[in-house]
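A.B. asks: what's the 3D shape of this:
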Amino acid sequence: MSELMSQAIELMVAGMGFVFVFLVILVFATLLMSKIITRFSEPEPATPARSSRAKKPARPSVDPGTAEAIKKAIAQYRSRHKK
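C.D. replies: Residues are numbered from 1 along each chain as shown. Just a heads-up that it's a prediction; the model follows:
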């Protein structure tokens, strides 16, 4: 039983070691790719408002009448379930 347990511990340590080494390599590969991409990509514009990717102002998704009805329903619910 002792020999089986020592083999299990060795296998566990080896497996955890391989996973750790793989994750370290993955981190360094990600950092390297990030540096390569930033080196060859074009710089971001200084003023994002002038770029074509600037966000347009969002339209309200709910009309004012619906918003008022929701507010009244919430107020009514809270007044009924007040403790």
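
A.B. asks: which SS class is residue 61?
C.D. replies: Using DSSP: H, G, I helix; E, B strand; the rest coil, the structure places residue 61 in coil.

A.B. asks: show the average pLDDT along the helix or strand hosting residue 31.
C.D. replies: Secondary structure assigned from DSSP states H and E places residue 31 in helix 2-40. Across helix 2-40, the average pLDDT comes to 95.

A.B. asks: got a list of contacts for whatever helix or strand comes next after it?
C.D. replies: Downstream of helix 2-40, the first helix or strand assigned by DSSP H and E is helix 64-80. Residues from elsewhere that reach helix 64-80 (C-beta atoms under 8 Å, 6 or more residues apart in numbering): residue 62. Backbone N, C-alpha and C define where each C-beta goes, glycine included.

A.B. asks: CA atoms only for helix 64-80, dumped as CSV, please.
C.D. replies: Taking Å, rounded to 0.1, in the frame of the first residue of the first chain, the C-alpha atoms of helix 64-80 are listed here in CSV:
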residue,chain,number,x,y,z
PRO,A,64,-41.3,58.5,-21.0
GLY,A,65,-44.9,57.3,-20.6
THR,A,66,-43.8,53.7,-20.1
ALA,A,67,-41.1,54.8,-17.7
GLU,A,68,-43.7,56.7,-15.6
ALA,A,69,-46.0,53.7,-15.5
ILE,A,70,-43.0,51.5,-14.3
LYS,A,71,-42.2,54.0,-11.6
LYS,A,72,-45.9,54.0,-10.4
ALA,A,73,-46.0,50.2,-10.4
ILE,A,74,-42.8,50.0,-8.3
ALA,A,75,-44.2,52.6,-5.9
GLN,A,76,-47.4,50.7,-5.6
TYR,A,77,-45.6,47.4,-5.0
ARG,A,78,-43.4,48.9,-2.4
SER,A,79,-46.3,50.5,-0.5
ARG,A,80,-48.1,47.1,-0.4
